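Colleague: Quick one, structure for this:
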Amino acid sequence: MDKLRTYKNRRARRFPWLGAAFLLLVAGGLGLSFTSFPGKVKRGLKEILATEPAAVQEAADEAEIFRRAEVEIRARLGEEYDREIAALRQSLEDAKKAAELAAQPPVLELGTVTDMRKLQSGIPFKSEVTLKSGGIASLERVDDSSYTATYQLSLRVPTPALTMDELESNSPQLSEILPGLPSLIKTATVSPWFETLYTNKTTRVRRDAHSLNELLTKHNIYDCETILNFQSPDGRKVFFMQAEMDVVSDGSDGDRLPTMPESIVKSTHYQPFTSYGWRKRTPTPNPMLAGWEERIIIGQKELDAPTTAADRKTWLRDRIAYLKRGVADLKGRSFLIAEYDPFIVIPVNLLTARDSFTPSVGDYAVVIYGDKIYPSIVGDGGPTFKVGEASLRMAREISPRSSPYSRPVSDLKVSYVVFPGSREPEREPPDYEKWRQRCHDLLAEIGGVGDGYELHQWQDLLPQPEPEPEPEPEPEPPVAPVTPPSPASGASAPALAPGAP
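Modeller: Numbers count the residues shown, from 1 in each chain. Presented below is the predicted three-dimensional model:
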């Protein structure tokens, strides 16, 4: 009896280890039946064993513990199993319904469907498609009203900024940079060219909308904040414009830049001219000349070919005449170079207007952006339906990342102050220091520059020609020795110096 009691006591004492191993084995088997829950089985077993006092755990029977663990685990895993089975059944039911719908013929839905998206031009575009029930196809085909489209474009024309507060909403430091400006703005008037600009824009939009052509972008529609006219008490007139800044990259000058990249020389899009030009000073040919002369030769060959169509010949004659005029201009004049010279562009219709407040080619101008003042001139004419353009040199000074395809300023934060009637009597090559001094004097006439501000000083970035070496002096010819005359000639011999041999 004592041996039997000792055996049972030993068995009870070692049960927690054997039972735990046995239960883990069972839990592992159950886990294989529910492959997504092995961690939950182990956690459930630990929780069950932890709920009983230590003395009870030691005395519990293996079968009882197994039974309780099995009941608890099955209860917990059963709930998860039921949820997954229910989800699976629902998926099968949904797939069955989708298959049944696919097997049925589609039902044509009548009514209106609306879609809203933004076009590449930045214009929000709302479209509506309305389906109605009609008659037989042979009748609807000949009825103009059976298949129609309605295109409606809405555009709000902006009001020009007129007060100092409105101007400084884009350029907060403007009155500090030009302290005389606030008093002048009080008497300023909106330039009629602001209305002309937006008339040109809306006319173009109407034309392109009627023909379903590509429209002006929203950016280019709203590129001008204001155009104002005002003058100082002494009579100095000012054309003031607030706008963005786009980039131009035209121009050429053989005297200052005799070579240009081949990609530009052979380009049919690069314009070698600017509105501001002057008489050539050297015999060095314009680098764009060879490319234009080559295009004349190519065009003439196509024009002379018997297979060239009549309408193509008409175009070629006009093109060749244009190229010949350009060649003559390139041979006789030089122009600004947008990559090196700072200048601004004004719509060409303003440059040709007879108005005392409108700029002319060569007029001095300053560009104000942020806290910087850039002296320049009006150097070229641009399209009549957009404003706010400057040379690549000006753009890169404001933003080094600027390029012909990347503008330096997209917001309406650039102020253009142009002084009509300030151009020089004779056009000359750019003299940046002269431009700077002249702009400084003109600004002084309208109140000057504020304390702490000064005009930008442009540096000449053009490659400078190497100085020609000075010619070496020619050696003097040797002096021939003097031979005394012979006594036989009857001439007297020269006297000898004292001590001579």
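Colleague: List the residues that contact the residue nearest to G254 when sequence neighbours are not counted.
Modeller: The spatial neighbour of G254 that comes closest, neighbours along the chain excluded (C-beta to C-beta, 6 or more residues apart in numbering), is N286 at 3.9 Å. Where you see a C-beta, it was placed from the backbone N, CA and C, and this is true even at glycine. Contacts here follow C-beta atoms under 8 Å, 6 or more residues apart in numbering; on that basis N286 touches S252, D253, G254, P272, L330, K331, S334.
Colleague: Which element, helix or strand, includes the last one?
Modeller: Using DSSP states H and E, S334 sits within strand 333-335.
Colleague: For that strand, buried residues please.
Modeller: The neighbour-count check on strand 333-335 (16 or more other C-beta atoms under 10 Å) flags S334, F335 as buried.
Colleague: Stretch 204-211 now?
Modeller: Buried residues in stretch 204-211, counted by 16+ other C-beta under 10 Å: R204, V205.
Colleague: what about that stretch, distance to the chain center?
Modeller: Averaging C-alpha positions (C-alpha atoms, centre = their mean, to the nearest Å) puts stretch 204-211 25 Å from its chain's average.
Colleague: again with stretch 219-226
Modeller: Taking C-alpha atoms, centre = their mean, one finds the center of stretch 219-226 at 16 Å from the center of the full chain.
Colleague: The residue nearest to G254 should be in a helix, yeah?
Modeller: No - counting by DSSP: H, G, I helix; E, B strand; the rest coil, N286 is not found in a helix; it is coil.
Colleague: got the contact list for R279?
Modeller: Contacts of R279 (C-beta under 8 Å, 6+ apart): G332, R333, S334.
Colleague: go on, I446?
Modeller: Residues near I446 by C-beta under 8 Å, 6+ apart: L178, G180, L181, L184, S232, R236, V238.
Colleague: The stretch 201-350 of the chain: strands as residue ranges?
Modeller: Here the stretch 201-350 of the chain has its strands, by DSSP state E, counting those that start in this stretch, at 224-231, 237-248, 277-279, 333-335, 343-347.
Colleague: quick one, the longest one and strand 343-347 angle?
Modeller: To tie it back to what came earlier, the one meant is strand 237-248. Counting by axes from the mean of the first three to the mean of the last three C-alpha atoms, to 10 degrees, strand 237-248 lies at 100 degrees to strand 343-347.
Colleague: Within the sheet, what are the partner strands of strand 237-248, with directions?
Modeller: Sheet pairing for strand 237-248, assigned by DSSP bridges, gives strand 224-231 (antiparallel), strand 389-391 (parallel), strand 409-418 (antiparallel).
Colleague: Over to the last one?
Modeller: As defined by DSSP bridges, the strand partners of strand 343-347 come to strand 372-382 (parallel), strand 389-391 (antiparallel).
Colleague: next structured bit after the shortest one?
Modeller: The reference is to strand 389-391. Sequence order places helix 392-398 as the next helix or strand after strand 389-391, per DSSP H and E.
Colleague: Report the residue spans of this structure with pLDDT below the cut-off.
Modeller: 1-70, 101-104, 107, 467-468, 477-501 (pLDDT under 70).
Colleague: Can you tell me the element V113 falls in?
Modeller: When elements are assigned from DSSP H and E, V113 belongs to strand 111-118.
Colleague: Give me the helices and strands touching that strand, please.
Modeller: Counting contacts by 3 or more C-beta pairs under 8 Å, 6 or more residues apart in numbering; DSSP states H and E, strand 111-118 packs against strand 124-131.
Colleague: tell me the angle of the strand it packs on relative to strand 111-118?
Modeller: 160 degrees.
Colleague: so which helix or strand takes in Q90?
Modeller: Taking DSSP H and E as the criterion, Q90 maps to helix 62-103.
Colleague: helices or strands up against that helix?
Modeller: Counting by 3+ C-beta pairs under 8 Å, 6+ apart, helix 62-103 packs on helix 2-33, helix 38-50.
Colleague: and the residue nearest in space to the middle of the chain, how far is that from V205?
Modeller: Geometric centre of the chain, nearest residue: S406, 3.4 Å, by C-alpha atoms, centre = their mean. For S406, the distance to V205 equals 25 Å [C-beta to C-beta, to the nearest Å].
Colleague: what's the answer for V345, then?
Modeller: For V345 relative to V205 (C-beta to C-beta), the value is 22 Å.
Colleague: go on, M260?
Modeller: From M260 to V205 the distance is 37 Å (C-beta to C-beta).
Colleague: again, but for K434
Modeller: Look at K434 and V205: by C-beta to C-beta, they are 42 Å apart.
Colleague: Number of residues surrounding E168?
Modeller: For E168, the neighbour count with other C-beta atoms under 10 Å is 16.
Colleague: ok, and the closest non-adjacent residue to M394?
Modeller: The shortest distance from M394 to any non-neighbouring residue, by C-beta to C-beta, 6+ apart, is to P342 (4.5 Å).
Colleague: how distant is stretch 74-83 from the center of its chain?
Modeller: Here stretch 74-83 is found 61 Å from its chain centre; the criterion is C-alpha atoms, centre = their mean.
Colleague: how about that stretch: buried residues?
Modeller: By 16+ other C-beta under 10 Å, the buried positions in stretch 74-83 come out as R76, L77.
Colleague: And for stretch 159-179?
Modeller: Neighbour-count burial for stretch 159-179 flags 160-161, 164, 167-168, 170-171, 174-179 (criterion: 16+ other C-beta under 10 Å).
Colleague: Tell me who's in contact with the nearest residue to L110 once chain neighbours are set aside.
Modeller: In space, and not counting its chain neighbours, L110 is closest to L131: 4.9 Å by C-beta to C-beta, 6+ apart. Going by C-beta under 8 Å, 6+ apart, L131 touches L108, E109, L110, G111, T112.
Colleague: Next: Y364.
Modeller: Shown in contact with Y364 (C-beta under 8 Å, 6+ apart): P375, S376, I377, V418, F419, S422, R423, W435, R438, C439, L442.
Colleague: if we go to 10 Å?
Modeller: With contact set as C-beta atoms under 10 Å, 6 or more residues apart in numbering, Y364 has these partners: 375-378, 417-424, 434-436, 438-439, 441-443.
Colleague: Quick check: beta-bridge partners of it?
Modeller: Bridge pairing for Y364 (DSSP bridges) gives the partners I377.
Colleague: how far away is it from Y416?
Modeller: Shown here: Y364 relative to Y416, a distance of 12 Å by C-beta to C-beta.
Colleague: likewise S275?
Modeller: Noted for S275: a distance of 16 Å to Y416, by C-beta to C-beta.
Colleague: Tell me which of the two has more neighbours.
Modeller: Y416 (26 against 21).
Colleague: Verify the stated contact: that one with D363.
Modeller: No - Y416 is beyond contact range of D363, at 11.2 Å (criterion: C-beta atoms under 10 Å).
Colleague: which residues do those two both contact?
Modeller: Jointly contacting Y416 and D363 under the rule C-beta under 10 Å, 6+ apart are F239, I344, I346, S376, V378.
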